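Chemist: Dropping a prediction and its sequence here:
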Amino acid sequence: MKNFVVKTIANAGALAVAVWLLDKITLTGDSTGKKIGTLVVVALIFGLVNFLVKPVVKLFSLPLLILTLGLFTLVVNALMLLLTSWLADQIDLSFHVDGFWTAVLGGLIISVVSWALHVVLPDGD
């Protein structure tokens, strides 16, 4: 359970950095508390999408992953971020990613920040 909480916090932090750095990834809310709550829910959705959908997409795109020496992973990450944005919109969360190239950059930022936070935060079961 502790590992799940750590990963959710890392995802929320990575999403916050992406929102802060990129103008076309938006998170709106009345107060800071509401923004943090929305960010945690979006991080949960993002984690769920990465757990359920991403392995299937990577399996079907395996030839492209091999052909591009793994660079196609950036596209897969962008698609997962766009799917998260769409799901957040479906449940009326104020998180939106505007465009594919913004999602590619956002996915790259989220991957790097998430990796760095996983290195720093404790990992336990």
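Modeler: Cool, got the structure.

Chemist: CA atoms for contacts and neighbours, from now on please.
Modeler: Will do.

Chemist: Could you check stretch 92-106 and say which residues are buried?
Modeler: Within stretch 92-106, the residues scored as buried using 16 or more other Cα atoms under 10 Å are 93-97, 102-106.

Chemist: oh, I was asking about stretch 110-125
Modeler: 110-111, 113-114, 117-118.

Chemist: Between all of these, which two are separated the most?
Modeler: 110 and 118 (11.8 Å; Cα to Cα).

Chemist: Show the low-confidence segments of the chain, by residue range.
Modeler: The chain contains residues with pLDDT under 70 at 123-125.

Chemist: And the strands in it, which stretches?
Modeler: 25-27, 95-97 (DSSP state E).

Chemist: tell me which residues in the first one are buried?
Modeler: Residues of strand 25-27 classed as buried by neighbour count (16+ other Cα under 10 Å): 25-27.

Chemist: Serialize the buried residues of stretch 110-125 to CSV and add fields for distance to residue 84.
Modeler: Converted to CSV, the buried residues of stretch 110-125 look like this (distance: Cα to Cα, whole Å):
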residue, distance to residue 84
110, 13
111, 15
113, 18
114, 16
117, 20
118, 21
